[in-house]
Structure formats: structure tokens, C-alpha cells
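Enquirer: here is my input; please provide its structure:
(one chain, ligands or ions: 2)
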Amino acid sequence: MFSTVKDDMSIESTLISKERKNAKFPVEELTNVWDGGKEETELRRKIVKLFEDDPVLKSPPICTMTREERFTKATRKSAYIYRNLIPNNGLHPGSREFEHFSRAMPIENNLLVHMIAFIPCIKSFGSQEQVAKWLPLALNLNIIGAYAQTELGHGSFLRGIETEATFDKKTQEFVINCPKVSSMKWWPGDMGLNANHALVMANLIIDGKEYGMHAFIVQIRDLSTHMPLPGVTVGDIGSKMGFEAIDNGFLYMKNVRIPRENLLNKNSEVKPDGTYVKKASDRLMYGSMVNLRVNLPKSQAIDVLAKACTIAIRYSAVRRQGLLNPGGAEVAVLDYTLQQHKLIPQLATVYATKFAGEGIIKKHQAFLQNMAKGNISDLAEIHALSASFKASVSEQCTEGVEVCRRACGGHGYSQASGLPFLLCKITPSCTYEGENTVLYLQTARYLVKCASKQAADLPESIAFLVQPIQDMKGSITSLDNLIICFKNSAALCVQGVSKKVNEMSNKGLAMHEVWNKSSVQLVKSAKMYVMQYIIGAFVSFVTEVKCSEPIKEILQDLCCLYGLHYINTHSGEFLKLGVLSAHHCTLAEETEIQLLEKLRPNAVGIVDAFDFTDSSMESCLGAYDGNVYERLFDMAKLSPLNKEKVHQESYRHLRPFLLEGRDILEGVKSKN
Ligand SMILES: CC/C=C\C/C=C\C/C=C\C/C=C/C(=O)SCCNC(=O)CCNC(=O)[C@H](O)C(C)(C)COP(=O)(O)OP(=O)(O)OC[C@H]1O[C@@H](n2cnc3c(N)ncnc32)[C@H](O)[C@@H]1OP(=O)(O)O
Ligand SMILES: Cc1cc2nc3c(=O)[nH]c(=O)nc-3n(C[C@H](O)[C@H](O)[C@H](O)COP(=O)(O)OP(=O)(O)OC[C@H]3O[C@@H](n4cnc5c(N)ncnc54)[C@H](O)[C@@H]3O)c2cc1C
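Expert: Ligands and ions are numbered 1, 2, ... in the order given. This next block holds a predicted model:
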């Protein structure tokens, strides 16, 4: 319907090719560093290719589809991936290949909560017999489960959850009830339409006594008809800001009976006579959340910001607007220092959070190994670290994606850029898996407790909080000094708020009031604590990584930029704490600007090194060839509103005025 408009060789393609020629480092080697080695890059590419070449996984661009189509396609693809593609290619969970899986998944998919929450919960909370019964069924999609914890009335405060599981000794069943409308489960992913089971978190009641939140497997739909079972009201909660392909659901249960064996009973059990047996700490009930907070940031936030950076930096390298030299040619917007100041720190955030996250995953794996031997002494530390890490990463990456989107001007507002999709995908990461403020407060609670202890009684990674402040020797811009600066700031923040808490409680104020009145500073200390962790982990990575000099230099520059950018955007905090002087702050700002200039020629190379395929981004602005304008036009042509040359409804409603206009104009014409 539309004619083709094409340039033989667009100026934009030429510009991006030039950028690549100017890069001062081997891009492929940086890709290997990013992936964790050459072999990992090869493996990832193999998996991505396997998925992208599969005809079943092809579909129209998401911005041309309705929610219904997006949900339907995502379900079809997900079912195919988990039941055919993965098993047929030996990509079983836990394998090395599986690690690269999130990069290979189609841009929209579902059943992920079943895979990342329902299945792990069976493993964490189920006895050996329960795992043997439920796990194979779940892995084969014979049963599909949601993680049903949040209710209409309560998400953060889990002790307030109202759904009840009352033990009926006579029938040896639990009776599940949502006593009020506010007790209805609300939000769980995959639950509205796809799930036939749910891992329901409910308050256990035996003989009228409450035992707190426990995990129950509840069948919610018939396995042959997929109809809701008696007593179950289930459905989709409706349209959201994003996640269109996912059926976040509601679930109302009235007198739904499940066998006694459906209480996942690795950590606590109800005997046939109603005796409650506690086998492990109540805290382990929260283990599923720690697991997700450790493992989700990479795929749900860091990779999302990496994609946004790829789009915004490639586009900024080809988008020419205005002049730098009077009388000269128009420049790429990436040549403006202010554009660099928006985008290049986002690249630094991607690297910092990725390598820090890998450190937390290792710590968590060590914790799980100890837990298997009955030792959970590190639980409080890993909870505090993972809670603030999830909060900080989701916050930094969400802010970063919005910076990237706005940095693309008007085209960043178009769905065709891919950026609104990324923003809507990443925004809820600040809420799910624990609302960020609530998580920071959890970390602060731990830090304040630590502040009253001796260094020898604290984990190694926390002891600095109570040790003397270290002196910085030399320039603030050295990586060693950045670590000292952030450690000192975290220690002073925590000590300061702990002092305030103690003083207020010594004056007789109740602890809950003290806590509420100190909460602004508590959150600040948790943020500073996790920042010192991220910077420390990034510096260690950069120091230890084996790579060529040019790559090392880029990583060092990104690391320094990450720390300095944070200092420059929060300089008031550092000055107030007395950790930095005005002179330090001026130097930090000047050095950041120098680093931007130094990194600028490598910016396109650095995003190329993330190695996202065009189809994994669905972005007209971020495609490898830089052909942004032709792609935007091609995408506009696919808009469902352009199906007919004349849109019937637009014509119908406007026609009377158009005819009036025609008559007036023709009258004017004939008078002339
Ligand atoms: C294409 C891509 C497609 C899609 C999908 C992508 C991604 C997936 C998307 C979504 C999945 C989302 C899932 C969810 O959101 S599931 C729901 C998550 N909900 C939460 O995280 C709730 C947050 N609330 C809590 O964690 C707690 O209730 C809270 C700790 C805030 C309660 O505070 P309270 O003061 O009431 O604490 P207590 O319950 O009394 O406990 C105090 C005690 O326990 C310690 N604690 C708390 N949490 C943990 C934990 N997780 N691990 C270990 N220990 C914990 C806490 O420190 C206290 O200890 P102490 O100081 O020693 O008393
Ligand atoms: C896309 C998406 C997917 C989800 N998937 C699932 C799922 O699969 N399964 C599931 O069970 N749940 C899921 N959830 C629910 C999610 O876990 C909750 O929304 C989340 O835990 C926050 O709880 P809330 O909604 O009750 O927020 P609230 O706690 O009501 O937060 C509202 C405000 O109150 C503040 N606040 C709350 N408590 C405190 C406090 N103690 N101190 C200071 N401020 C406080 C918060 O900071 C926030 O500003 C999902 C949510 C989303 C958006």
C-alpha cells in the first residue's frame, strides 16, 4: 500500500560503520569477558541461534499486536520451548546451556513464574517424597503452577496475609479460605489463565491456633477441562503498564479442600492427629524470595538496561542534530558532552551491577551448600545483601532505561524504538519480589543490629561498619580510594542512624516510633551499604580479570566512572558525612567529564560487545546497521491503523465537517 523509500547506502549506516572502525579495542574479547569466557560466548550464541532460527518462535513485532494476540503467542511459544525445544536439545535446567537461556527467549514469553518460582519452591519447601511427586509433573508442564503469595490487601507485610488453611482432622484435609475480598490472591504471574495449580501461601490454623504463613499446593483448575474447580474463582487481573503477555491473576478460594500431604513439609509438618512439628527455622519460609532476589536482577533489570543502552547509544551515534563548530557539518548527538553524560554512566551501571550480581550469586550458592548441611548462620547476611541489591539494581536500571529513552528524543517515545517496552518491563522490578523501600528497611534493620556488635562478631564483609574510618591516600579518583570513600560513607551513615535510634529509644520513645522517625536515614544507609558492596565487587573484578590491556583500561574507566558519577549525583551526602571535601567533589566532576570524553570513541563498540541480536531488541533505533529512518518508516507501515488507505471510522466521524470544509473552500475558489 505504501511506496518504498530507500537510500542506496544510508548516511546512518556509514556513520555507524565509522564508529566501529574508530573503536580502540577488540569488541569480541569484551564480549568474552562479559559472558565469562570464549566458550561461554560460543555456547550462548549457539542457544540464541537455535531459538531464533526456529520457525515456531517467529511472530510479528509486538508493537503491532493486541494484548490478546501477545498473550496467545507467548503461551504457544512458551509451551513449545519448555516441552519441545528444551528437552529435545538437552537443555535441562541446571545445565551450562540453561544459564544462557534468558538471552535466547523470545522477547515475550510466559510460564516463567512457573519455572522460576513454583518449581524452585517445590524443591525448597518439599520433602523428598513431595519433590519426587510434584517436580517431574511440573517440569513436564503436566501441572502449571503460580506463586500465590500477594493478596489484594497485603503484599509487603506477610504477617498480615489473610488466606487461611484450616486443618480438618476428620478428613485429613486442609480447608483453604479467603475470608474477605481483601484476602483474594492478586498479582501472581501465570495464574489468571494458564495455571492449574498454585503454591498458595496461607496462614496455617490447627484447632483454632494460628501457626503463620505456610506453603500449600492447591489445584485450581480441572486437568481435563481446564475449568476452575469448585470453590475456586480465578481470572486475569486486567491490563497493566506492561507484561501484556502475562496473565497476572486473581484467585478467590472458598472451602477448597486439599489433602494433608499438600502442605509442603520439609521445614514443618502437621501430623494426622493435628500435632504441629517444626523442623527448621521459620525464616526459611522466606527462602524463595531470597532466591529470586539473587537471581532475577540479571535477566529482569541488568540485561534490560544493557539493551536500552545499545539502542540509545547506536541511535545517538547516527542521529545528527545541530552544530558543534559554527559553520561545520551537523554532528552526531553522541558528540555532545551532555549526551555522553546521560548515556555512558548507564553503561557503567550495567557493568558494575552485572559483576557485583555474580558475586552475590556465588555467595548464595555457598549459603545453599551450607544450608544443605544444616548451617544457616549466613542467612541474615545474605538476606540483607540480596534485599538491598535487588532494590538498588532495579532502581538504578529503571532510572537508566528512562534516561536512555528520553535521550532518544521524540523517537524514544515511539514503541518502534523498543524503549517504552523495556521501560514498562523493568519498572515493576522495583515492586515485585519485595517493594524496594521495604527491602532497604530490611537491610537497615540488619545493619543497625550489626552496628552494636564488635568487629570480631560480624561477618568479614560487614566488620568495616564498626572499624575505624580509613584515610584516603592520593587522588579520590583511584579505584582504591573509591572503595574507601564508599566504605567510610556506609559506615558513617549506619553509625549515624544507629546513634539516632539509640538516643531516641533512650529517651523512652517506643521502638516502632523510633524506627518510623528514622526511616529516611535508615534507607539512605542501606543504599550506601549496597553501593559500597557494588563498587567493591566491580573493583575486584576489574583488578582480577585476565584480559588484554585495552579491555582492562575500558573496564577500569567504566569502574571509575560508576563511582564518580554516583558521587557527583549525590555529592551533598558525601559532603554532609565529611567523607569528601568541596575540592574532592570538584575533582570528581572534572574527572568524570574527562572519562566521558575518553570512553566516547568506544561507546558503540562497548554496546556491540553485549551482542544482542536485532530480533532480541525489536528496535528500529537500535538495530546493528544503524538504518534508523528506513526502519521507522517500515514499522509505521505495519501499524494496524494503516491497513486501509482510508480508515472507515475516521472517515465516518469526520466526513460531515470535511464536506463543509470542501464546500467552503470551493466557494472561496469560485469567488476568486
Ligand atoms: C518476559 C519476562 C516475564 C516475566 C516474569 C519476570 C519476572 C518475574 C516477575 C515476577 C515474580 C514476582 C514474584 C513476587 O513478587 S512474589 C511476592 C514477593 N513478596 C515479597 O517479597 C514480600 C516482601 N515482604 C517480606 O519479605 C516480609 O514480609 C518482610 C520481611 C518485609 C516482613 O517484615 P516483618 O518486619 O514483618 O518481618 P517478619 O516477618 O517478622 O520477619 C522478621 C525477621 O525475619 C527476617 N527476614 C525477613 N525476610 C527474610 C528473608 N527473605 N530471608 C531471611 N530472613 C528474613 C528479618 O530480617 C527479621 O529478622 P530479625 O531481625 O532477626 O528478627
Ligand atoms: C508485575 C508484577 C508481578 C508480580 N508477580 C507476583 C507473583 O508472581 N506472586 C506474588 O505473590 N506476587 C506478585 N506480585 C506482587 C508483588 O510482590 C507486590 O506488589 C509487592 O510485594 C509489593 O507489595 P504491595 O503491592 O502490597 O505494596 P505495598 O506494600 O502496599 O506498598 C505501597 C507503598 O507503601 C510503602 N510501604 C509498605 N510497607 C512499608 C513500610 N513498612 N515502611 C515504609 N513504607 C512502606 C511502600 O514503600 C510503597 O510505597 C507482582 C507484582 C507485580 C507488579
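Enquirer: now do stretch 409-428, average pLDDT.
Expert: Throughout stretch 409-428, pLDDT has a mean value of 98.
Enquirer: over to stretch 578-597?
Expert: Across stretch 578-597, pLDDT averages out at 97.
Enquirer: ok, which stretches of the stretch 51-200 of the chain are strands?
Expert: Under the criterion DSSP state E, counting those that start in this stretch, strands of the stretch 51-200 of the chain are mapped to 145-148, 164-168, 173-177, 185-186, 197-206.
Enquirer: could you dump those into a markdown table with distance to ligand 1 added?
Expert: From N, CA and C alone the C-beta is placed, and that goes for glycine too. Below are the strands of the stretch 51-200 of the chain laid out as a markdown table (distance: least, CB to the nearest ligand atom, whole Å):
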| stretch | distance to ligand 1 |
| --- | --- |
| strand 145-148 | 5 |
| strand 164-168 | 18 |
| strand 173-177 | 18 |
| strand 185-186 | 11 |
| strand 197-206 | 9 |
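Enquirer: distance of the residue nearest to residue 265 when sequence neighbours are not counted from residue 262?
Expert: Nearest residue to residue 265, sequence neighbours excluded (CB to CB, 6 or more residues apart in numbering): residue 127, at 5.3 Å. Remark: distance between residue 127 and residue 262 (CB to CB, to the nearest Å) = 12 Å.
Enquirer: between the two, who's got more neighbours?
Expert: Higher neighbour count among residue 127 and residue 262: residue 262, with 22 against 16, using other CB atoms under 10 Å.
Enquirer: apart from its neighbours in sequence, what residue is nearest that one?
Expert: residue 217 (4.6 Å).
Enquirer: which parts of the stretch 301-450 of the chain sit against ligand 1?
Expert: By CB under 6 Å from any ligand atom, the residues of the stretch 301-450 of the chain that approach ligand 1 are 379, 383, 432, 433, 434, 438, 442, 445.
Enquirer: buried subset of those?
Expert: Neighbour counting by 16 or more other CB atoms under 10 Å classes 379, 383, 432, 433, 434, 442, 445 among those as buried.
Enquirer: is the third one located within a strand, as I assumed?
Expert: Yep, that's residue 432 we're talking about. No. If the criterion is DSSP: H, G, I helix; E, B strand; the rest coil, then residue 432 is coil and not within a strand.
Enquirer: is whichever strand or helix holds residue 401 in proximity to ligand 2?
Expert: Per DSSP states H and E, residue 401 falls inside helix 379-406. No. Using CB under 6 Å from any ligand atom, helix 379-406 stays clear of ligand 2, coming no nearer than 10.2 Å.
Enquirer: packing partners of that helix?
Expert: helix 287-297, helix 303-318, helix 337-372, helix 419-426, helix 436-451, helix 511-544 (3 or more CB pairs under 8 Å, 6 or more residues apart in numbering; DSSP states H and E).
Enquirer: which ones are touching the residue nearest to residue 265?
Expert: Residues in contact with residue 127 (CB atoms under 8 Å, 6 or more residues apart in numbering) are 264, 265, 266.
Enquirer: dump these to CSV, plus pLDDT, neighbour count and distance to ligand 2.
Expert: Converted to CSV, the contacts of residue 127 look like this (pLDDT from 0 to 100; neighbours: other CB atoms under 10 Å; distance: CB to the nearest ligand atom, whole Å):
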residue, pLDDT, neighbour count, distance to ligand 2
264, 97, 24, 15
265, 96, 19, 21
266, 94, 18, 20
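Enquirer: can you list those residues in CSV and add secondary structure?
Expert: Shown next, in CSV, are the contacts of residue 127 (three-state DSSP):
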residue, secondary structure
264, coil
265, coil
266, coil
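Enquirer: sorry, back to before: just the pLDDT for the residue nearest to residue 265.
Expert: So, for residue 127, pLDDT stands at 96.
Enquirer: what of residue 371?
Expert: Looking at residue 371, its pLDDT is 89.
Enquirer: and what of residue 9?
Expert: pLDDT recorded at residue 9 is 67.
Enquirer: same deal with residue 242?
Expert: 97.
Enquirer: would you confirm that it contacts residue 422?
Expert: No. Counting by CB atoms under 8 Å, residue 422 is not a contact partner of residue 242; they are 9.1 Å apart.
Enquirer: more neighbours, the two?
Expert: residue 422 (28 against 16).
Enquirer: residue contacts, the more buried one?
Expert: 304, 307, 308, 311, 401, 405.
Enquirer: mind putting those residues in a markdown table, pLDDT included?
Expert: Shown next, in a markdown table, are the contacts of residue 422 (pLDDT from 0 to 100):
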| residue | pLDDT |
| --- | --- |
| 304 | 98 |
| 307 | 98 |
| 308 | 98 |
| 311 | 98 |
| 401 | 98 |
| 405 | 98 |
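Enquirer: closest one to ligand 2 out of those, please.
Expert: Nearest to ligand 2, judged by CB to the nearest ligand atom, of the contacts of residue 422 is residue 304 at 13.5 Å.
Enquirer: which non-adjacent residue is nearest that closest one?
Expert: The shortest distance from residue 304 to any non-neighbouring residue, by CB to CB, 6+ apart, is to residue 426 (4.5 Å).
Enquirer: pretty sure the one you found sits against residue 396.
Expert: No. Assessed by CB under 8 Å, residue 426 is found out of contact with residue 396, at 10.5 Å.
Enquirer: count the neighbours of whatever residue of the stretch 251-400 of the chain ends up closest to ligand 1 for me.
Expert: Closest to ligand 1 within the stretch 251-400 of the chain is residue 286: 3.1 Å, counting by CB to the nearest ligand atom. The number of residues packed near residue 286 is 16, by other CB under 10 Å.
Enquirer: got the contact list for residue 565?
Expert: By CB under 8 Å, 6+ apart, the contact set of residue 565 is 345, 348, 592.
Enquirer: buried stuff in stretch 534-548?
Expert: For stretch 534-548, burial by neighbour count (16+ other CB under 10 Å) applies to 534, 535, 536, 537, 538, 539, 540, 541, 542, 547.
Enquirer: specify which member of those is nearest to ligand 2.
Expert: Looking across those and measuring by CB to the nearest ligand atom, the closest to ligand 2 is residue 534, at 21.7 Å.
Enquirer: surely the closest one touches residue 356?
Expert: Yes. Between residue 534 and residue 356 there is a contact under CB under 8 Å: 4.2 Å.
Enquirer: let's see the pLDDT reported for residue 99.
Expert: Model confidence at residue 99 (pLDDT) stands at 79.
Enquirer: excluding chain neighbours, what is closest to residue 196?
Expert: Nearest to residue 196 is residue 221, by CB to CB, 6+ apart, at 4.0 Å.
Enquirer: residue contacts, the one you found?
Expert: Contact partners of residue 221, counting by CB under 8 Å, 6+ apart, are 195, 196, 227, 228, 229, 232, 234.
Enquirer: need those residues in a markdown table (columns: secondary structure and distance to ligand 1).
Expert: As requested, the contacts of residue 221 are exported to a markdown table (DSSP: H, G, I helix; E, B strand; the rest coil; distance: CB to the nearest ligand atom, whole Å):
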| residue | secondary structure | distance to ligand 1 |
| --- | --- | --- |
| 195 | coil | 13 |
| 196 | coil | 19 |
| 227 | coil | 26 |
| 228 | strand | 22 |
| 229 | coil | 23 |
| 232 | strand | 20 |
| 234 | strand | 17 |
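Enquirer: now the buried members of those residues.
Expert: Buried among the contacts of residue 221 (16+ other CB under 10 Å): 195, 196, 228, 229, 232, 234.
Enquirer: alright, calling it a day.
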